[in-house]
Each structure stands twice: as structure tokens, then as C-alpha cells.
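Participant: 3D, please:
(chains A and B)
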Amino acid sequence: MKRLALVVAMVAFAAMSLVAADKTVLKFLYYADSSQAGYADDMASWAKFKADNPDIDLQMEILFDRPYAQKLTAYAAAGTVPDVVFMWPTTNEASSLLQSKKMMKDLKTVLPADFLKNFTAASLSPSAQTSGQLSELPQSFTFTTVMYANVGLLKSLGLAVPKTYADLKALVPKLRVKNVQTVLLPDADKWPAQSCLFSTISGRLLGDAWIDSVLAGKAKFTDKAFVDALAFYGQMYTDGVINISNVQMGYGDGPGLFAAGKAAFIIDGDWRVGAYLTDKSNGKALIDPAKQASDFELLNFVAIPGEKNVNTASAIAGTGLGINKDLTGAKLDAAKRLLMFYYSKDVQTMKLETGAYIPTRTDVTSTKLEPLSQKQIKYYSTVPKTTYVLDGALDPTVFGPLNDGLQGIALGAQTPAEVAALMQKAQDALPKK
Amino acid sequence: MATVVRGKVETNRAYWTFITPAFALYLFVFAFPIILSFVLSVSNYSGGKMFGGDPWTLTGFDQYFKLANDSNFWLALKNNVYIVLISVFGQIPLAFLLAYVIFRKIVRWGEGWQAILYVPAIISVIVLGIMWKMIFASNGLLADIINALDTQTFLASLNGLLAGGFNVTDDFVQKLLAISDPRALTGFANPANDVKELILSMGYTAANLDVFRSDMVNLLAPKWTPDFLSHQDVAMIPILFVTLWVWTGMYIIMFHANMQKIDSQIIEAARIDGASELQVMWRVIVPNLSGVLANAAILCIAGSLNTFALIWAMTAGGPMNITQVLAIYMFQNAFIGVPNFPLANAISVFIVLFSFILIGLTLVVERRYGGRE
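Facilitator: The predicted structure is shown next:
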């Protein structure tokens, strides 16, 4: 009897091994925030993909923010990039090697043309990516400076929504008497101040043409105009518009504090809308839809003194999925199926409805958007023109000192001129093109 | 003669049979990574597959020269030296003293104290780092306690001012500004006018003075922000304090265990001969434990130079890299931003060499000045 049971177990094990051997293993490094409202829907969609594709053994590794960037960089450094990864279009820290060493396939040669025609032309532009090819398919076009406003709080204190920097500054003492910060900009992770605020300041005061002239060696970061832009950023701390405590505040801490009314505004990217929406898995929202409708707005950043490019905001081709360039045969086929599932109308509609982003897929619409998502679409109409996000336009060795320097300026430990000099030194050290 | 030779061959064979697996494992686990790290530090390897990927070659000692001119490297090294100093000259003496106090039963419930002091060493340093980060945060526990005290002082002065009645005159505002934190007034172009205007616009009356008090505390009371991190000279203080707190307990256990091995009759004889507790500690215990102290110092040095997790959790080396240490600087060059693997490997080779130098110094000091156990 024992012998029979042993034989049955061995046969079953062998059968399972054969079934497993038939499956194509696909390693997938995915970026998701488990505290974000749409996380459960996102995971449900991947469960569906697995159910619909029993021949694919999808091995997902899910991380968020800094841990994701470090893991992806480590994989790229070791030459063990997973089969499919979530990545950035430029030399943003996490995707630096993937883009600069062209470690991913050109998706224009992989995905069918009749599939790609569903996406906006801007999202398919190879020039938007450092690699000069479609290393990832941007799922959105990302606006990095959105001023989320708690207008309900302002109203309750008898205060008006500011239109200019002077208006914003005037709110500081009136909010401080009620122990409310004016603007939250959690910057312990270094990139938010550069990506979510200074890029827009630079765009408005200097413009993309000026950045291009620096890259061409015809202007310098040490020029007065750029130093003044840095000085304006520093002035926001001196004026109390942004509290110095933000320099030590983690990026993940912002939405909770803002939703709890600890600040009248938070400056963040448009991708952060999803943090405030209803999590369908538990019905909870950081800001409930009724409050989203009545008390919150998504605003363009206030007008700043001396801005040449009025009301512009920094924006960049968004993140998306890319395929390891070494994939062939069944693995490549499986990866293609995964991308076509991810960028399908259904999944992208889910992304839209959960506030993840406004998709670049042109046939995606929904009538089930929460008020904040509707306001996100309205926000885009307030931006007449977009400008560079500096970590997408500058070399990482140049925006690194800027990221550090923005903290230094906020803390009063570095002057704008010192930061500009460090950036120029890094720019001068780059090989001439 | 033949038997002697055969015996020697036998011994040699047994020796190599036993030593080879461990030696091979040692070479593979310790020596190989160090040698590979050195090779990469003098190469132009830029990531990807090491063999079969983009070709790379040896390029010389450029990265070491680059390090020598890199202010971030010197800052990281300085911070590491601080940690070594607080570990060797903070943790060890403190742990020795506490272990001695427990050993000699100078305090009651010595075993209990020992357990309490050891607790931080058994908790994940990441958890401890996050906890202390919250305590030292600008709106954390430390700031709350100090600000609560400051607020009481401000409120007492404000109540004294209000005792004369609530009437927003220029004189009242001047007195209010006089008891305020000057830093709270920096945002006002004309504090006297602006504050008066603000108070009038808020519609305070004698009937809602509690609201007025609360608002003025928010606006004008002294607020202490733990701004260690904005000053390069003091940024490491919270980290050094936590380093001392976390690991001292481990050395208490080590010293206490070794003190118990010392023959109690020697101590009793010293006491009978009139030696004080301090003399017993200095003349009897320290010489007896000099080897243990040297080992503790080696552990401290090695631990201090590869310290990573605690600082990563507390500050991640920021802001502006001012709490950077060598291990974090190496990690950032390898895995954050644009990786520079040769530079990262040069840093790790430096850490190894620096460890050897410090450990060598420790052993020299122990041999010259240490007692014999």
C-alpha cells in the first residue's frame, strides 16, 4: 500500500513538473504602491492575466519608490534585467542604465503597428527617450507640478485661493495662526523638489530654450538668470511658504498630512491623484468623493515674479513597461502578450478610473471618474504649455548636485550660486557631443 | 627514521585534508570578492554582464585619484571616523563601566539592568532607525516636549499681558512682539503693523481669548526645530547617540561574561589590601580583560566602518549628503543614479584597507599596553 502511494506521488510530481516545464517563465519587475487606492484593482487585473494565460508562469516582484529604483539599478548593473520591467523614459535614476546602455527592446519593432496606432503620437516619439528608441511605451504624459489645494480649509478660514506668489505668501501668517502649513513639499527623497517644483520655476523663468543653450555650451548654470531661479526657490522657505521640516519629510508622508488638513496645499505630480481616491477593496478614501468635489482643487502653480513663460508647468513622457532586449522565442511572445494586456483598453480604463493617470491610449474614456480625477483633466486645460522636467533633460551627474543643492538651499547650508557652480562643474565634465 | 618521515607525511596529509575545504571556502567568500572588487576599481566596467556583455579593460588608478579629490568622500570618511570614535571610546568604556557595576553588584537587580540595556541590540536596526528618526523629526517627540515647555513660558507672559485687558493698541502689539520668538517675525515686512493688522482681521474679542491665546502660540511662541541636520558640524550627533545606545548592551554582555571568569579571590585580596573599587577595576579587571577589550575594539571598528542600515533608516545619508558614511556613499555610487562601479569598488577597497589599518593599530596598542590574561 505504501509502495503504491509512493508511486502515485512520484507520478503526480512528474506530471506537475511536466506541466510546469510547459509554462513560459516570465520575470516581471513592477512598480506599485500598496497604499494607493487602485492597488487592489491593479492586482486583480494581474490575476486575470494569469488566469487568461495559463501557459505563462508570471513571476512578479512588486516594489515602490526608492526600493524599486535600487532593485532595478542593481538588476541592470548585474546584467540580470527581468524580462519585463516598469521604467522611465529618460535617465531618471531608476532607468539610467536601461536607457543609456539600450538594455531594452525597441517596442516599435516588437508591438504590432495596428496596436500602437491607439496611442498618442507624442507617447510614441523615440526622441522623448534617452535611448532614442521606444524602450518603454509611456502609459501617460506626466505633469510633475500640480498644486493640490484644500479650498474648503481656505474658505473655512475666510481665505481666498491665491493666484500669484504674493497672494500665496500673504496666506502664511493667516494659516500659521491656525497651525496649518501653507505648502507641503516632502523632499527627504531629494527628487521631489527638483521634479515637482523647481522644474516649473526654471521653465517659467528661463524656458526650455535656455536649458538647450546650456546643453549646447552657449549658456551656463552660473548665469544670473538660473541663480535667480534657485534664489526664488530658496525664498519660498525664507518666506515660510514651505516649512523647513519638509526637507526631512518622506515622500510617502505628504498625502496623509494634506488630507488631514495639516497644510492648505501640497505640490506633487499628477500621478498622486490616485492616493486620495476610493480604494475599492475596502471602500475607504483618503479624501471621500463628496469632499473631493466640495473642498479640493488641482491648480496650476501660482504666477511667480518675473516669469517669462506664463502658467507653464513641467511635464514629461510618462513611465511604462519595457521588454528585455535579450528575449526571444516563447519568452518574447509572452512578454508581448503581457504588454498588450497591460495597455489594453480595459486595463487602461481601470487605471483611469482608479486615478493612476490619464492614459496615452486614445480610446480610453470613463463616466465613473471620482471628482478629483475629473479635476485632474480640468487641470491640464490650465497649462498652456509644458516645459522640461530637469531630471529628464539634464544628465544625472548634473541634476544630482541640483537635487542635493535644493535641500542645501532650503536648509541655508548652500547658496544658490554654490549650487549653480556645482551643476556647471558637472556639466563641464561631461564628454562633449 | 622512515617511521618519522611517514608520520610527518601523514600529519601533513591530515592537515591539508582538514584545512583545504575551509581555506577554499574562505578564499571564495572573502578573498575572491575583495580581489574582484580591487580589479573592478581599476577597470572601466560600467555594468551589465561581467563576462559576455560590453567589453571592459583595466584602466589604472583613476578612481582612487578621483576619490582623493572628492569632498563627499572625505565627508563620508570623517563621519565614519566619528562613528569609530564613539564606538571605541564611547561604547567600550561605557559598557565596561556598566558591566563592572553589575559584576561587583554595586547596583541592585544587575541582571535585570543587563537585560534592559541589551534589548536595543536584539531589535532590527531598521526599526530602531525609523523610531529614532521619528523622535528626532522636526515635528517629533523631542521637538514636542521642548516646544511644550517653551509654550508654557510664552503663555505665562501672554497671560501677564492680557491681565491688563484685551485692547489691540500699538503698545499692546509692541509688548506682544517683545515676548515673541524673533524667528517667528521674519516673515513679516513690518512686524508691528502686520501683526496688529492680522489680529484685528481675525476678529478676536474679550469673549474668545482662548482662541486668541492658542493662535498666538501657533504664530509667535518660540518653536524649537531639531535642526541638527542643517548643520554639518552637528548633523551626526543623533546618529552617534543612537549608535551608542544600540550597541553598548552587546559589549556589556561580553565584558560581564568575561569578568565572571576572573578568580574572585584576586579581587577579594586586592580589596583586603585596601584597593578601592576604582583601583580594582583599573589594576585588576582591565589588565585581565585587555584581550577581550582589544577584540571588542576590533568588532567596533569593523562594525563602524560597514555601518549602513541604521543611518540609511534614519537619514539615508541626507540631507545634502551631510550624514553620509563610506558604506552609503559606496552604495549610492553603485546602485543609485548613474552607477559608477569602479568608483564604488574603490570605496569598498578603501574601507577594507582602512579597517586593516585600524585593527592593526588596535592590536599593536593591546600588545604594548595590555596585560596578560
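Participant: which other helices and strands contact the helix or strand of chain B with the lowest mean pLDDT?
Facilitator: Least confident helix or strand, chain B: helix B:2-26 with a mean of 86, by mean pLDDT, DSSP states H and E. For helix B:2-26, there is no helix or strand it packs on, judged by 3 or more C-beta pairs under 8 Å, 6 or more residues apart in numbering or on different chains; DSSP states H and E. All C-beta atoms are positioned from the backbone trio N, CA, C, and that covers glycine.
Participant: Residue A:187 is in contact with residue A:250, isn't it?
Facilitator: No - with contacts counted by C-beta atoms under 8 Å, residue A:187 stays clear of residue A:250, the gap being 9.3 Å.
Participant: in the stretch 301-433 of chain A, what spans have low per-residue confidence?
Facilitator: For the stretch 301-433 of chain A, applying pLDDT under 70 flags the ranges A:433.
Participant: Get me the contact residues on it for chain B.
Facilitator: Proximity of the stretch 301-433 of chain A to chain B, by C-beta under 8 Å from any C-beta of the partner chain, involves residues A:395, A:396, A:397, A:400, A:404, A:405, A:407, A:408, A:411, A:412, A:413, A:414.
Participant: Now for the last one: which residues touch it?
Facilitator: Contact criterion C-beta atoms under 8 Å, 6 or more residues apart in numbering or on different chains gives A:405, A:408, B:320 as the residues in contact with residue A:414.
Participant: give me phi/psi at residue A:149?
Facilitator: For residue A:149, the backbone dihedrals (degrees, to the nearest 10) come out as phi -120, psi 130.
Participant: Any idea how far apart the tips of stretch A:112-132 sit?
Facilitator: This stretch, stretch A:112-132, spans 19 Å end to end (C-alpha to C-alpha, to the nearest Å).
Participant: contacting residues around the residue positioned nearest the centre of chain A?
Facilitator: With distances taken as C-alpha atoms, centre = their mean, residue A:271 lies nearest the centre of chain A, 5.9 Å away. Going by C-beta under 8 Å, 6+ apart, residue A:271 touches A:140, A:142, A:356, A:357.
Participant: With respect to residue B:200, which of the residues you listed is nearest?
Facilitator: Taking C-beta to C-beta as the measure, residue B:200 lies nearest residue A:142 of the contacts of residue A:271, at 45.0 Å.
Participant: How many residues are close by the closest residue to that closest one other than its chain neighbours?
Facilitator: Leaving out its chain neighbours, the residue that sits closest to residue A:142 by C-beta to C-beta, 6 or more residues apart in numbering or on different chains is residue A:318, at 4.3 Å. Neighbour count for residue A:318, taken as other C-beta atoms under 10 Å in any protein chain shown: 24.
Participant: Equivalent analysis for residue B:148, please.
Facilitator: Using other C-beta under 10 Å, the number of residues around residue B:148 comes to 9.
Participant: Helix or strand: which one has it?
Facilitator: helix B:141-162 (DSSP states H and E).
Participant: Need the contact partners of the next helix or strand after that helix.
Facilitator: Counting by DSSP H and E, the element after helix B:141-162 in chain order, helix or strand, is helix B:170-178. Here helix B:170-178 makes contact (C-beta under 8 Å, 6+ apart) with B:158, B:161, B:185, B:191, B:192, B:195, B:196, B:199, B:216, B:220.
Participant: Identify the residues contacting stretch A:321-340?
Facilitator: So stretch A:321-340 is in contact with A:24-26, A:28, A:49, A:53, A:55-56, A:58, A:81-87, A:98, A:102-105, A:107, A:110-111, A:115, A:135-137, A:139, A:342-343, going by C-beta under 8 Å, 6+ apart.
Participant: which ones are touching the residue nearest to residue A:142?
Facilitator: The neighbours of residue A:318, taking C-beta under 8 Å, 6+ apart as the test, are A:89, A:123, A:138, A:139, A:140, A:141, A:142, A:357, A:360.
Participant: so which two of those residues are the farthest from each other?
Facilitator: Maximum pairwise distance among the contacts of residue A:318 (C-beta to C-beta): 13.8 Å, between A:89 and A:357.
Participant: Among those two, which residue is more densely surrounded?
Facilitator: The neighbour comparison of residue A:89 against residue A:357 (other C-beta under 10 Å) goes to residue A:89, with 27 against 24.
Participant: what about residue B:139, distance to chain A?
Facilitator: Between residue B:139 and chain A the computed distance is 6 Å (C-beta to the nearest C-beta, to the nearest Å).
Participant: and the closest residue to that residue other than its chain neighbours, what is it in contact with?
Facilitator: Leaving aside its chain neighbours, residue B:139 sits nearest to residue A:245 (6.0 Å; criterion: C-beta to C-beta, 6+ apart). Each residue near residue A:245 by C-beta under 8 Å, 6+ apart is listed here: B:137, B:138, B:139, B:225.
Participant: For those, give me TSV that also has pLDDT and neighbour count.
Facilitator: Putting the contacts of residue A:245 into TSV (pLDDT from 0 to 100; neighbours: other C-beta atoms under 10 Å in any protein chain shown) gives the following:
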residue	pLDDT	neighbour count
B:137	81	20
B:138	76	19
B:139	76	17
B:225	75	17
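Participant: Of those, which pair is most distant in space?
Facilitator: Farthest pair in the contacts of residue A:245 (C-beta to C-beta) is B:137 and B:225. Separation: 9.7 Å.
Participant: what is in contact with these two at once?
Facilitator: With C-beta under 8 Å, 6+ apart as the test, residue B:137 and residue B:225 both reach A:245, B:143.
Participant: which parts of the stretch 1-150 of chain A sit against chain B?
Facilitator: Going by C-beta under 8 Å from any C-beta, the residues of the stretch 1-150 of chain A near chain B are A:66, A:69-70, A:73-74, A:76-79, A:91, A:93, A:96-97, A:100-101, A:103.
Participant: ok, so of those residues, who is nearest chain B?
Facilitator: Nearest to chain B among the residues of the stretch 1-150 of chain A next to chain B: residue A:79, at 3.5 Å, using C-beta to the nearest C-beta.
Participant: Can you report how many residues lie near residue A:122?
Facilitator: 11.
Participant: for it, what are its contacts?
Facilitator: Each residue near residue A:122 by C-beta under 8 Å, 6+ apart is listed here: A:128, A:141, A:317, A:360.
Participant: Which residues outside stretch A:47-64 are in contact with it?
Facilitator: By C-beta under 8 Å, 6+ apart, stretch A:47-64 touches A:20, A:22-34, A:46, A:71, A:82, A:334, A:337-338, A:341.
Participant: mind running it again at 7 Å?
Facilitator: Residues from elsewhere that reach stretch A:47-64 (C-beta atoms under 7 Å, 6 or more residues apart in numbering or on different chains): A:22-33, A:46, A:71, A:334, A:337-338, A:341.
Participant: still on that earlier bit, for the residues of the stretch 301-433 of chain A next to chain B, work out which two are farthest apart.
Facilitator: Taking C-beta to C-beta, no two of those sit farther apart than A:395 and A:412, at 27.4 Å.
Participant: Neighbour count: the two, which is higher?
Facilitator: Neighbour totals were compared for residue A:395 and residue A:412, and residue A:395 leads with 19 against 14 (other C-beta under 10 Å).
Participant: For that one, which non-adjacent residue is spatially closest?
Facilitator: residue A:430 (5.7 Å).
Participant: I'd say that neighbour and residue A:396 touch.
Facilitator: No - contact between residue A:430 and residue A:396 fails when scored by C-beta atoms under 7 Å: they sit 10.5 Å apart.
Participant: related to what we said a few turns ago, in helices, which of the residues of the stretch 1-150 of chain A next to chain B fall?
Facilitator: Within the residues of the stretch 1-150 of chain A next to chain B, residues falling in helices by DSSP state H are A:66, A:69, A:70, A:73, A:74, A:76, A:77, A:78, A:96, A:97, A:100.
Participant: circling back: measure the residue nearest to residue A:142 to chain B for me?
Facilitator: Applying C-beta to the nearest C-beta, the value for residue A:318 to chain B is 20 Å.
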